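Trainee: just a sequence and a predicted model for now, questions to come.
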Amino acid sequence: NAGVTQTPKFQVLKTGQSMTLQCAQDMNHNSMYWYRQDPGMGLRLIYYSASEGTTDKGEVPNGYNVSRLNKREFSLRLESAAPSQTSVYFCASSEFPGINEQFFGPGTRLTVL
Amino acid sequence: QKEVEQNSGPLSVPEGAIASLNCTYSDRGSQSFFWYRQYSGKSPELIMSIYSNGDKEDGRFTAQLNKASQYVSLLIRDSQPSDSATYLCAARMDSSYKLIFGSGTRLLVRP
């Protein structure tokens, strides 16, 4: 039982490149979330998926797209990376939308040059 | 305007002391509150949740909520060096799926 897994752990991109961050959970959770964490800013919600087949914008969705591929997997895509997207990205899941405990993955550290 | 405010710290306490971490929130509609602990380079983990006014105790941790003052706190009794981490306060309105996080308070427990 791995919980929430994320790939890759580290990534360096050049401005304008694209990439997809992968997230998977094996807890049979319905809801999944993508956050970014910047120094002094705390965690900010990018997108979330309350249930399979639905996605909604969070606080900072600009420059990102998401896909809820199935119940287990929720990916985050950067179509044209910008230095402002340098951050640590966390995926999280919860049993149901808004349920108290969100379980977080180990994070992806992304640097955009 | 940040909706959930925390002092960034660091808050430094000696081993065995009580650490008091504070959080204020701006939205009176917030109903549920959470404390997450995050070790350096790691992901956040939930340590306490609180929904009604008053105190809630779990082992060495006590969460306190005062909705009139829009204030949440976390007390850590008998602080240990292993408690040294960043503590994130989060709030959620019942009508929303979203958690709003504060920027965190760094706690340092000195041996």
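Mentor: That came through fine.

Trainee: run a quick neighbour tally on the spatially closest residue to B:Arg110 that is not a sequence neighbour.
Mentor: In space, and not counting its chain neighbours, B:Arg110 is closest to B:Pro14: 5.2 Å by Cβ to Cβ, 6 or more residues apart in numbering or on different chains. Any C-beta I mention is one placed from the backbone N, CA and C, and that applies to glycine too. When neighbours are counted by other Cβ atoms under 10 Å in any protein chain shown, B:Pro14 registers 10.

Trainee: and what of A:Leu113?
Mentor: Residues lying near A:Leu113 (other Cβ under 10 Å) number 10.

Trainee: what residues of stretch A:93-107 count as buried?
Mentor: Burial within stretch A:93-107, assessed by neighbour count using 16 or more other Cβ atoms under 10 Å in any protein chain shown, is assigned to A:93-94, A:97-98, A:102-105, A:107.

Trainee: now these in TSV, with pLDDT and secondary structure?
Mentor: Below are the buried residues of stretch A:93-107 laid out as TSV (pLDDT from 0 to 100; DSSP: H, G, I helix; E, B strand; the rest coil):
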residue	pLDDT	secondary structure
A:Ser93	94	strand
A:Ser94	91	strand
A:Pro97	79	coil
A:Gly98	70	coil
A:Gln102	89	coil
A:Phe103	91	strand
A:Phe104	95	strand
A:Gly105	96	coil
A:Gly107	96	coil
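
Trainee: what's the closest of the residues you listed to B:Ser79?
Mentor: Closest approach between those and B:Ser79, by Cβ to Cβ: A:Phe104, at 23.9 Å.

Trainee: what segments of chain A are strands?
Mentor: For chain A, the strands defined by DSSP state E occupy A:4-7, A:10-13, A:19-25, A:31-38, A:42-49, A:56-57, A:64-68, A:74-78, A:87-94, A:103-104, A:108-112.

Trainee: A:Leu78 bridge partners, please.
Mentor: A:Met19, A:Tyr64 (DSSP bridges).

Trainee: would you enumerate the residues in contact with it?
Mentor: A:13, A:18-21, A:63-64, A:85 (Cβ atoms under 8 Å, 6 or more residues apart in numbering or on different chains).

Trainee: again, only using 10 Å
Mentor: A:11, A:13, A:17-21, A:63-65, A:85, A:89, A:110, A:112 (Cβ atoms under 10 Å, 6 or more residues apart in numbering or on different chains).

Trainee: swap in B:Arg37?
Mentor: Counting by Cβ under 10 Å, 6+ apart, B:Arg37 touches B:44-48, B:61, B:74, B:76, B:83, B:85-88, B:104, B:107.

Trainee: B:Tyr97 now?
Mentor: A:31, A:33, A:45, A:48-50, A:56, A:58, A:94, A:96-99.

Trainee: with A:Gly53 instead?
Mentor: Applying Cβ under 10 Å, 6+ apart, the residues near A:Gly53 are A:68, A:70-71.

Trainee: circling back to that earlier point, which one of the contacts of A:Leu78 sits closest to A:Glu79?
Mentor: A:Ser18 (5.2 Å).

Trainee: looking at the contacts of B:Tyr97, which one is closest to B:Ala68?
Mentor: Using Cβ to Cβ, those come closest to B:Ala68 at A:Gly98, 24.0 Å.

Trainee: give me the nearest residue to the closest one, chain neighbours excluded.
Mentor: For A:Gly98, the closest residue by Cβ to Cβ, 6+ apart turns out to be B:Tyr97, at 4.5 Å.
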